[in-house]
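Trainee: Provided below for reference: sequence and predicted model.
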Amino acid sequence: MTDEQKVLSILNDLTGEDLSGKMDENIFATGLLDSMATVQLLLDLQDQLDIDVPVSEFDRNDWDTPNKIVAKVASLK
């Protein structure tokens, strides 16, 4: 499974939606993720993709679409 597939799987689990066709959709503006789900997203990314994402350095604008999340994961590997 690629990192993109893992990210989409995590997002699917958190939102209940398949976002593979909505890679540029703002998941915060649409209400798909709230603050609690965001914390779970970061924990899941750290656990499943072996990256470190300090909550203190999390900027929602840098993580607001599936494409941006995939790019951030790649930059943290």
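Mentor: Perfect, I can see it now.

Trainee: So the residue lying closest to L8 once chain neighbours are set aside, which state does it fall into?
Mentor: Nearest residue to L8, sequence neighbours excluded (C-beta to C-beta, 6 or more residues apart in numbering): S20, at 5.4 Å. From N, CA and C alone the C-beta is placed, and that goes for glycine too. Recorded secondary structure, S20: coil (DSSP: H, G, I helix; E, B strand; the rest coil).

Trainee: On the three-state scheme, the residue most central in space within the chain is what?
Mentor: Residue closest to the average C-alpha location in the chain (C-alpha atoms, centre = their mean): I69, at 4.7 Å. Per three-state DSSP, the secondary structure class of I69 is helix.

Trainee: List the contacts of it.
Mentor: Counting by C-beta atoms under 8 Å, 6 or more residues apart in numbering, I69 makes contact with 7, 11, 41, 45, 63.
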